[in-house]
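S.K.: coords please:
(one chain, ligands or ions: 1)
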Amino acid sequence: MRRGRGLHAAGAGPERYQGYGRGLRGISLAVLQALEDGLEKADADPSVKAVMICGENGKFSAGADIRGFSSPNRQGPSLAALVSLIESSKKPVVAAIEGIALGGGLEVALGCHYRVAHVKARMGLPEVTLGLLPGAEGTQRLPRLIGVPAALDMITTGKHISAHEALKLGLVDEVVEANTVEAAMHLANQVIGQPLGPRRLSLRPVPPLPDTDGFLRAARLRVRERARGCLAPELCVQAVRAATELPFSAGVRRERELFVELLSSGQARALQYAFFAERAVRRWSAPGGAASHGAAPRPLRSAAVIGLGTMGRGIVTCLVKANIPVVALEQNLEYLNVGRKAVMLLLEREAKKMEQDAQALDFHNPARLQFTVDFDLLRDVDLVIEAVFEDMALKKEIFHKLSRICKPEALLCTNTSALDIDEIASATSRPEQVIGTHFFSPAHVMRLLEIIYGRHTSPTAIATAMQLARALRKVGVVVGNCFGFVGNRMMFPYVEQAVFLLEEGSRPEEVDQVLEDFGFKIGPFRMSDLAGLDVGWRSRQGQGLTGPSVPAGTPARQRLGRRYSPLPDLLCESGRFGQKSGTGWYRYERAGGRTATPDPGVHSLLAQYRHTHGIRPRHIDQEEILERCLFALINEGFAILAEGIAAGPEHLDVIYINGYGWPRHRGGPMFYAATVGLPRVLARLQHHSQAHPDVPGLRPSAFLEKLVAMGNPPLKEWMSYLSQQSPRL
Ligand SMILES: CCCCCCCCCCCCC[C@H](O)CC(=O)SCCNC(=O)CCNC(=O)[C@H](O)C(C)(C)COP(=O)(O)OP(=O)(O)OC[C@H]1O[C@@H](n2cnc3c(N)ncnc32)[C@H](O)[C@@H]1OP(=O)(O)O
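M.R.: Sure, this is the predicted structure:
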């Protein structure tokens, strides 16, 4: 056996090529070149009878180098040419797929005549998640191999499938549990001399459907609806349509045109930014120079959750799914039984979704999941997540108890969406072990975990909380401690603007529509109805903004010298709490219903309100709705960055994409601001601020002003313009 640079060759029998994507950096030009040279050599060498291609380090390939798309003409065409070269080889070529074969990696495998996969391998065409489509002829070969419905599903969702699924679909020829490379070599030896024509996918017809055109039209509508303005899924459908209507070579040309269209759309740039931002936020920094590279997490072998309300139930569910044994605690048996039933129901549902892995959840086993009212059972757990309702006194009481009962190294987390972590930590004797873990509802579904360090939180505690996020398959983002942290703090001015727009003349459904057309999953009013209007009402009462504690004579629409809208309070006072009560900003089919219908009752309440306060309603166009809501949110983002509450704009963007339904193809609010251009964002904020001088949220942040004065630098450089890093970081 000869060994070259990641390239292995056997004399007689199969030639073996290795070297796909060192680590996970994507297919490099060197690998492309090595494969091309090797294939040519193998074809020319009569002693070589077959060829086997495998990956390095147990991974076939993560696909093309995503960072290389900024210079696509260098890498792109040569990958497609390589796939064709493989397919046209006169000797059988077998792919040995271990680990992953994604994107361009799977397209290379599709160029091979046979594919053998390890049982744990995963395959997929995730280009759509990067705003692209499989551009190395994958949209033309895959439907020819597995048919239009299955190919379309893989290409438009980007999902990864298991080796067994791939075998079922006919994507691979064999699945092995032992040595994949040996099995591929064995298969290569067996097929030497067999005709290759039928194995060349480009020569095969696409398997017909009874009504291919109707199927594709329906698919296009379906993906368009799901995509919320993202182009890639729809163009993926068009590329697959080309496979059904055109000869292979014309289909490839169409695929390339569509690829180039996507590449230049701006959405691809946003989605690729989001991909790298999600990885960048894994690196964190905290007070005193502590950072991810210098902090090791503690092991997480067991956990406890306190409080089995909506959040607690979801948190227990994701801990069980992550194989972490859980003690679930409630304050009394009545609440415990209600909570237990709800958790079991959630877990049954999750088990059903997971199908073959359901057994592994084993949640009826008390060693895996135990329900109790006894705090003493928390003595030995590695981690406690308190998830009771937002009441500072209650939380402090619980943390005081925890610091007496739990072992000294236990991580003490509070699931809060706004409360002061330092104040909660002050109730314990070990504030360095206290950290905020802000889960998003439903906690077993939403990917975001906002991790909030307090003044005394130790680097080990932060590292352990990040480890928790990873174990739960969530995106953890480390942020500083302030009211509302990052996500909710940016949300306040956004929602505030939405309500002010209602005062001035808009209707809830108009505002929601504009923001949903922008790409948000749901607009601010539908969102408030879903979350429950009483939550904010209670919080405002607590802050003394509404209710009996407001001093007599306070103007109805003013608090502390700034504009205030009592509209949400009025709704709550009339029993409109959102979905749970059947009425809120919309009306619903029943209490707990989910279908929002514009409510004439709200329209007349608004008319009455404007009349009472002498507001003459005006028509507000879409642009103003967008600008006032989004730029207010972005403006708060700049203030957060300037205060050092987050380490960079990527953190804010990842939080918004994963926790607040911000459209991923717009890259997050700060990326969006960069796309719009900071000078324009500033100018429009100045304009709206002049029109509404009593709204501080519209007053441009000094950091935004500075960035504009510095010539609108690229987002990557923003943080270097802060005169000094905040003491928090
Ligand atoms: C103007 C004229 C133009 C004409 C052109 C016309 C023709 C065009 C032809 C184009 C050919 C297109 C070919 C193909 O269709 C396109 C592609 O292949 S796109 C890439 C598809 N692949 C992916 O999307 C996979 C992305 N990666 C992942 O999903 C995950 O990383 C993983 C592989 C599942 C592994 O997950 P983890 O184990 O959790 O590891 P990480 O995610 O942390 O990754 C580790 C490290 O690796 C980096 N990385 C991973 N994949 C890539 C990649 N494909 N490219 C570059 N870098 C990658 C990742 O960023 C991490 O880096 P770190 O953060 O640690 O620095």
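S.K.: which element is Cys230 on?
M.R.: Secondary structure assignment for Cys230, by DSSP states H and E: no helix or strand.
S.K.: per-residue confidence at it?
M.R.: Here the pLDDT value assigned to Cys230 is 97.
S.K.: quick one: low-confidence ranges for this structure?
M.R.: Scanning the chain with the threshold set as pLDDT under 70 gives 1-25, 70-77, 287, 356-358, 724-729.
S.K.: I figured Pro615 hits Glu503, correct?
M.R.: You called it Pro, but residue 615 is Ile. Yes. Between Ile615 and Glu503 there is a contact under Cβ atoms under 8 Å: 5.9 Å. From N, CA and C alone the C-beta is placed, and that goes for glycine too.
S.K.: what is His438 paired to in the beta sheet?
M.R.: The partner list for His438 in beta bridges (DSSP bridges) reads Glu450.
S.K.: how about it, what does it touch?
M.R.: 415-417, 449-452, 485, 487 (Cβ atoms under 8 Å, 6 or more residues apart in numbering).
S.K.: What of Leu235?
M.R.: Contacts for Leu235 (Cβ under 8 Å, 6+ apart) come out as 133, 258, 261-262.
S.K.: before we move on, what about Gly251?
M.R.: Neighbour list for Gly251: 139-140, 239, 242-243, 245 [criterion: Cβ under 8 Å, 6+ apart].
S.K.: Beta-bridge partners for the closest residue to Asp694 other than its chain neighbours, please?
M.R.: Distances taken as Cβ to Cβ, 6 or more residues apart in numbering place Arg563 nearest to Asp694, at 4.3 Å, with adjacent residues excluded. Under the criterion DSSP bridges, Arg563 forms beta bridges with Gln558.
S.K.: returning to what we had before: of the contacts of Leu235, which is the most crowded?
M.R.: For those, the largest number of neighbours (other Cβ atoms under 10 Å) sits with Leu133, at 30 neighbours.
S.K.: and the closest residue to that residue other than its chain neighbours, what helix or strand is that in?
M.R.: Counting by Cβ to Cβ, 6+ apart, Leu133 lies nearest to Cys236, which is 4.8 Å off, once chain neighbours are set aside. If you go by DSSP H and E, Cys236 is part of helix 232-245.
S.K.: just how off-centre is that helix within its chain?
M.R.: Helix 232-245 has its C-alpha centroid displaced from the chain centroid by 25 Å (Cα atoms, centre = their mean, to the nearest Å).
S.K.: Residues of the protein that sit close to the ligand?
M.R.: Applying Cβ under 6 Å from any ligand atom, one finds that the chain approaches the ligand through 24-26, 62-67, 72-73, 76-77, 79-80, 100, 102-104, 107, 126-127, 130, 134-136, 138, 256, 259-260, 276, 279.
S.K.: 5 Å instead?
M.R.: With Cβ under 5 Å from any ligand atom as the criterion, the chain comes near the ligand at residues 24, 26, 62-66, 72-73, 76, 79, 102-104, 126-127, 134-136, 256, 259, 279.
S.K.: ok so, going back, distance-wise, check the residue nearest to Asp694 relative to Glu257.
M.R.: According to Cβ to Cβ, to the nearest Å, Arg563 stands 51 Å off from Glu257.
S.K.: These two - which one has more neighbours?
M.R.: Using other Cβ under 10 Å, the more surrounded residue of Arg563 and Glu257 is Arg563, with 18 against 14.
S.K.: hang on, Val94 packs against Gly111?
M.R.: No. In this structure, Val94 is not within contact of Gly111 by Cβ under 8 Å, at 11.5 Å.
S.K.: what's the spacing between the residue nearest to Asp694 and the ligand?
M.R.: Distance, Arg563 to the ligand, by Cβ to the nearest ligand atom, to the nearest Å: 43 Å.
S.K.: Ser549 now?
M.R.: Shown here: Ser549 relative to the ligand, a distance of 49 Å by Cβ to the nearest ligand atom.
S.K.: go on, Ser528?
M.R.: Here the distance between Ser528 and the ligand works out to 34 Å (Cβ to the nearest ligand atom).
S.K.: Return the residues in contact with Met311.
M.R.: Neighbours of Met311 in contact, by Cβ under 8 Å, 6+ apart: 387, 415, 439, 441, 443.
S.K.: Report how many residues lie close to whatever residue of the stretch 201-350 of the chain ends up closest to the ligand.
M.R.: Per Cβ to the nearest ligand atom, Arg279 is where the stretch 201-350 of the chain lies closest to the ligand, at 3.5 Å. Neighbour count for Arg279, taken as other Cβ under 10 Å: 11.
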